[in-house]
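> Just need the structure, nothing else, for what follows:
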Amino acid sequence: MDWTSRSIASRRAGRIAALSLLAVGLGNGAFAQTPPPDVAAQNPFAARAAQEAARRVNLTPDANSVGSASSVNGGVRINPAKSASSANDGVRVDSVDSGDSASGANRGALEPVASGANRVDVLRLKGGETLSGTVSRISGNGGLTFKTTDGATRTVPLDEIERLEASVDADFARGVEAFELGRKLGDATEFRRAVALLQAARKTDERRWAKEWATAKVVDALVALGRDDDAAAQFFLICRLDPYSAFLPSIPLRWAPRAAFGAGESPDARRQAEDEAARWLPATKNPSGVANPLGRLLAASVLLDSARYKKDAVEALRDLAVCEPPEDARSDADAVRTCRTVALLATAQRWRLETLTNPTAETVDRWAETTALLPVELRWGPAFLVATGNESLGRDDAAADGFLRVALLSAANRNLAERATARAASALERLGRRDEAETLRRDAERLFAAGR
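Next up is the predicted model:
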């Protein structure tokens, strides 16, 4: 479909209005998600934005754009659906069918449920089978290991899971609810409360996969607060637990320029993040002591703008662009998908440098095609670079459209959304749409300030 051949004025105006209502309403999660209808219930503009996002999920992007879909964090549920539906409890969020993404993001979901006297997890498979017992392991290398109540052990690929209803403690459940409320209302106080509750839950829950899940939610909340450096430090904790974590989509990669400090950022946090990233940059001599593609990918992303480590970061990204599973896991579908996703993200990270050298139209078109191979919830950073490439080519229609979609649909990634909004307004101004640009800037300034 040729996005630029269509009349985009009305769509853009709708997105500007929707952006003013979803300043931090959507964000990255452990699996592909869609906008919650409870947001839509608050305002018809948000409802239209959610419907439009869901409708576009399976559209093939042309050379000038990236296929749209929304992504809401849940770390939560893997329940593939082509509708933008969700339960109204602030925790459940149905996921979007992301089509033929290389990572196979069309998976089930983690759903937190209250822990009873006897902690029991319920695993529902796509084939209709339901298992009760306890989760032993969840990984992007080896899938899910489940011990049933009758003592049997099952290993299940992630793509075969319809839903996992995971028993969690009170702090964990309250932390997820706080995150969802913050995401819905754009309330920084709720995100901060989520961080505190989930960090407390992580200390008391001895299950490794539960610690990973809680940490992924902490990362998402920190990203929503604009604290990308703190989020990176937290994600490195996940890398220590599992170099092929199933919570890869929460990885806080850098996509926008970081010359200035944004909301929630500090020089101390940045120095600490860079020092930690430098320890993770080597292929094997890192804090985990093993080949760690997730840790190395995040480290390279953090250090790509560093004068001291830039050369090493570029080399790491080249290596990761051909990421392969360990020899003993090369027949494992989950490990293959994880490595393909890492390879695509490493390739896209290198575009950050290419945007500075006036990429050709052919190059930018290739970026758009590559971006469409990623799972939906991981597309918005690369999509920002595609829009940046279109901007440098003078494709202001496509650039404005791309930046607006990134701003709207990755709005819980605070720093990326703020930068995308500013670039969208500039593109609109160049198109002579000064009133729309001014409205966008005014609303974004008010709403991003409200989220601090």
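> how close does residue 381 sit to residue 214?
Separation of residue 381 from residue 214 (CB to CB, to the nearest Å) stands at 24 Å. C-betas here are computed from N, CA, C, even on glycine.
> What of residue 160?
Computed with CB to CB, the distance linking residue 160 and residue 214 is 25 Å.
> Same question for residue 169.
Using CB to CB, one gets 10 Å for the distance from residue 169 to residue 214.
> Quickly list what's touching both of the two.
When contacts are counted by CB atoms under 8 Å, 6 or more residues apart in numbering, residue 169 and residue 214 have 201, 205 as shared neighbours.
> So if I had to pick from those two, which one is more boxed in?
Summary of the neighbour comparison: residue 169 and residue 214, criterion other CB atoms under 10 Å, with residue 214 having more neighbours (29 against 18).
> Tell me the helices and strands packed up against the strand or helix carrying residue 230.
Residue 230 is located in helix 228-241, with elements delineated by DSSP states H and E. Here helix 228-241 touches helix 208-224, helix 267-280, helix 293-303, going by 3 or more CB pairs under 8 Å, 6 or more residues apart in numbering; DSSP states H and E.
> Among the ones you listed, which comes closest to residue 422?
When the helices and strands packed on helix 228-241 are ranked by proximity to residue 422, the top entry is helix 208-224, at 18.1 Å, counting by CB to CB.
> so where's the stretch 51-200 of the chain uncertain?
Per-residue confidence of the stretch 51-200 of the chain (counting by pLDDT under 70) places the weak regions at 51-108, 111, 114-118.
> Recalculate using a threshold of 90.
The stretch 51-200 of the chain contains residues with pLDDT under 90 at 51-120, 167-169, 183-187.
> where do the helices sit along it?
Remark: helices of the stretch 51-200 of the chain, listed N- to C-terminal, are 170-185, 188-204; assignment by DSSP state H, counting those that start in this stretch.
> ok, and what's touching the last one?
Which is helix 188-204. For helix 188-204, contacts defined as CB under 8 Å, 6+ apart pick out 24, 168-169, 171-172, 174-176, 178-179, 181-182, 210-211, 214-215, 217-218, 221-222, 224-225, 451-452.
> now the strands for the stretch 351-452 of the chain?
Per DSSP state E, counting those that start in this stretch, the stretch 351-452 of the chain has no strands. Nothing in it meets that criterion.
> how about the helices in it?
With DSSP H, counting those that start in this stretch as the criterion, the stretch 351-452 of the chain has helices spanning 361-371, 380-392, 396-409, 414-430, 434-450.
> okay, the angle between the fourth one and helix 228-241?
Helix 414-430 and helix 228-241 are oriented at 130 degrees to each other (axes from the mean of the first three to the mean of the last three CA atoms, to 10 degrees).
> Next, the angle from helix 414-430 to helix 380-392.
Using the same axes, to 10 degrees: helix 414-430 against helix 380-392 is 20 degrees.
> about what we covered before: report the buried residues of the helix holding residue 230.
Along helix 228-241, these residues count as buried under the neighbour rule (16 or more other CB atoms under 10 Å): 228-240.
> Report the separation between the residue in the chain sticking out farthest from the centre and residue 195.
For the chain, the residue at maximal distance from the C-alpha centroid (CA atoms, centre = their mean) is residue 150, at 36.9 Å. According to CB to CB, residue 150 and residue 195 sit 39 Å apart.
> Kindly indicate whether residue 345 is helix, strand or coil.
For residue 345, the secondary-structure state derived from DSSP: H, G, I helix; E, B strand; the rest coil is helix.
> What count of nearby residues applies to it?
A total of 26 residues lie near residue 345 under the criterion other CB under 10 Å.
> Leaving out the residues flanking it, which one is nearest to residue 179?
Nearest-residue entry for residue 179: residue 194, 4.0 Å, with adjacent residues in sequence omitted and distances by CB to CB, 6 or more residues apart in numbering.
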